[in-house]
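Undergrad: Got a predicted structure here, sequence first:
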Amino acid sequence: MRGRYLEVTFRKGKPMAAYLYLPRRSGARSIKTESAGSGILVDFGPDGSVLGIEITSPQAITLDTINRVLHGLGQSAISAKEIAPLQAA
């Protein structure tokens, strides 16, 4: 099982998209994706577990927005330090 981490894709020095990987079993695959509001998609595994959160509009997303989604999914809040790469450019 891996811990939570953020992966950010940049284009021309600006964040284009990001994916917040949540703790999961090795080899877990997404079978369902649901919208959690503007610019956020949530991936679920076959057992209904939350696998991760895709952030399709990183420039328009705030820490509060991400934490509201995490809270609604029964996950712990993310810190400003953890999402710092989204504000890097």
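TA: Ah, there it is.
Undergrad: drop to CA atoms for contacts and neighbour counts, all remaining ones
TA: Will do.
Undergrad: This protein: helices as residue ranges?
TA: Listed in chain order, the helices of the chain (DSSP state H) span residues 63-72.
Undergrad: in it, what spans have low per-residue confidence?
TA: Across the chain, the stretches falling below the confidence threshold (pLDDT under 70) are 1, 88-89.
Undergrad: Quick one: neighbours of residue 60, just the number.
TA: By the other Cα atoms under 10 Å criterion, the neighbourhood of residue 60 contains 10 residues.
Undergrad: Compute the number of surrounding residues for the residue lying closest to it once chain neighbours are set aside.
TA: Nearest residue to residue 60 in three dimensions, chain neighbours excluded: residue 39, at 7.7 Å (Cα to Cα, 6 or more residues apart in numbering). Counted with other Cα under 10 Å, residues neighbouring residue 39 total 15.
Undergrad: which ones are touching residue 39?
TA: The contact partners of residue 39, taken as Cα atoms under 8 Å, 6 or more residues apart in numbering, are 55, 56, 57, 58, 60, 61.
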